[in-house]
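Asks: give me a model of this one.
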Amino acid sequence: MKKLKEVIEVENQGLVSLLGKMVLVICNNYFYFGKLSGVNDDCIEIEDPYKVFETGEYSSPKFKDAQKLPVRTWLIMKAHIESCGESFKSV
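Replies: Numbers count the residues shown, from 1 in each chain. Next up, the predicted model:
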(Lines give C-alpha, C1' and ligand atoms only; values in the text may rest on other atoms or scores of the structure.)
Protein backbone atom coordinates (compact mmCIF):
# COMPACT_ATOMS: atom_id res chain seq x y z
CA MET A 1 0.00 0.00 0.00
CA LYS A 2 1.23 3.48 -0.86
CA LYS A 3 0.25 6.44 1.30
CA LEU A 4 0.66 10.14 0.85
CA LYS A 5 2.75 11.41 3.70
CA GLU A 6 2.53 15.16 3.19
CA VAL A 7 0.18 17.48 1.30
CA ILE A 8 1.42 20.91 0.32
CA GLU A 9 -1.03 23.63 -0.68
CA VAL A 10 0.27 25.89 -3.45
CA GLU A 11 -1.39 29.32 -3.55
CA ASN A 12 -2.65 30.94 -6.75
CA GLN A 13 -2.69 27.83 -8.92
CA GLY A 14 -5.41 26.43 -11.17
CA LEU A 15 -8.38 28.66 -11.97
CA VAL A 16 -7.27 31.36 -9.54
CA SER A 17 -4.08 31.86 -11.57
CA LEU A 18 -6.25 32.88 -14.56
CA LEU A 19 -8.17 35.66 -12.77
CA GLY A 20 -8.15 38.85 -14.82
CA LYS A 21 -7.11 37.05 -18.01
CA MET A 22 -9.07 36.33 -21.19
CA VAL A 23 -9.94 32.64 -21.09
CA LEU A 24 -11.48 29.98 -23.29
CA VAL A 25 -13.62 27.65 -21.17
CA ILE A 26 -14.47 24.29 -22.75
CA CYS A 27 -17.53 22.75 -21.11
CA ASN A 28 -19.57 19.59 -21.68
CA ASN A 29 -21.78 21.24 -24.30
CA TYR A 30 -20.42 24.69 -25.15
CA PHE A 31 -17.27 26.80 -25.27
CA TYR A 32 -17.21 30.21 -23.56
CA PHE A 33 -14.81 33.12 -23.94
CA GLY A 34 -14.34 36.17 -21.73
CA LYS A 35 -12.38 37.72 -18.89
CA LEU A 36 -12.26 35.49 -15.81
CA SER A 37 -13.47 37.75 -13.01
CA GLY A 38 -14.41 35.35 -10.22
CA VAL A 39 -13.88 31.84 -8.85
CA ASN A 40 -15.62 30.09 -5.96
CA ASP A 41 -16.29 26.49 -4.91
CA ASP A 42 -19.22 26.03 -7.32
CA CYS A 43 -18.72 28.28 -10.31
CA ILE A 44 -16.59 30.76 -12.21
CA GLU A 45 -17.64 34.17 -13.50
CA ILE A 46 -16.61 35.65 -16.82
CA GLU A 47 -17.08 39.27 -17.87
CA ASP A 48 -18.03 40.34 -21.39
CA PRO A 49 -18.94 36.72 -22.18
CA TYR A 50 -19.21 35.07 -25.57
CA LYS A 51 -20.50 31.65 -26.49
CA VAL A 52 -18.11 30.15 -29.04
CA PHE A 53 -19.92 28.03 -31.60
CA GLU A 54 -16.91 27.47 -33.85
CA THR A 55 -13.28 28.20 -33.00
CA GLY A 56 -11.93 27.93 -36.52
CA GLU A 57 -8.26 27.11 -36.92
CA TYR A 58 -6.56 27.26 -33.54
CA SER A 59 -3.73 29.21 -35.18
CA SER A 60 -6.20 31.87 -36.39
CA PRO A 61 -6.21 35.10 -34.32
CA LYS A 62 -10.04 35.24 -34.22
CA PHE A 63 -12.85 32.79 -33.52
CA LYS A 64 -14.83 31.77 -36.58
CA ASP A 65 -18.21 32.09 -34.79
CA ALA A 66 -18.40 33.63 -31.29
CA GLN A 67 -21.59 35.40 -30.26
CA LYS A 68 -21.83 37.95 -27.45
CA LEU A 69 -24.16 36.96 -24.64
CA PRO A 70 -26.57 39.80 -23.73
CA VAL A 71 -25.23 40.19 -20.18
CA ARG A 72 -22.27 41.85 -18.42
CA THR A 73 -21.23 38.67 -16.56
CA TRP A 74 -21.93 34.94 -16.92
CA LEU A 75 -21.60 32.13 -14.40
CA ILE A 76 -20.35 28.69 -15.40
CA MET A 77 -20.67 25.71 -13.07
CA LYS A 78 -17.25 24.19 -12.39
CA ALA A 79 -18.73 20.70 -12.56
CA HIS A 80 -19.30 21.22 -16.32
CA ILE A 81 -15.82 22.52 -17.17
CA GLU A 82 -13.69 20.04 -19.09
CA SER A 83 -10.73 22.37 -19.56
CA CYS A 84 -9.82 26.04 -19.75
CA GLY A 85 -6.89 28.31 -20.25
CA GLU A 86 -5.70 31.75 -21.23
CA SER A 87 -6.74 32.55 -24.78
CA PHE A 88 -4.93 34.84 -27.17
CA LYS A 89 -7.72 34.70 -29.74
CA SER A 90 -10.23 37.51 -30.07
CA VAL A 91 -13.76 37.93 -31.33
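Asks: and the residue nearest the centre of the chain, bridged to which residues?
Replies: What sits nearest the mean C-alpha location of the chain, by Cα atoms, centre = their mean, is V25, with 3.2 Å. On the basis of DSSP bridges, V25 is bridged to Y32, C84.
Asks: enumerate every residue touching it.
Replies: Going by Cβ atoms under 8 Å, 6 or more residues apart in numbering, V25 touches F31, Y32, F33, I44, I46, I76, I81, C84. Placement of C-beta: from N, CA and C, glycine included.
Asks: where does the prediction get shaky in the protein?
Replies: Nowhere does the chain drop to pLDDT under 70.
Asks: returning to that earlier point: from K5, how far off is the residue nearest to the centre of the chain?
Replies: V25 sits 35 Å away from K5 when distances are taken as Cβ to Cβ, to the nearest Å.
Asks: repeat that for Y32.
Replies: 39 Å.
Asks: neighbour count winner among the two?
Replies: Set side by side, Y32 and K5 show more neighbours around Y32, with 21 against 5, by other Cβ atoms under 10 Å.
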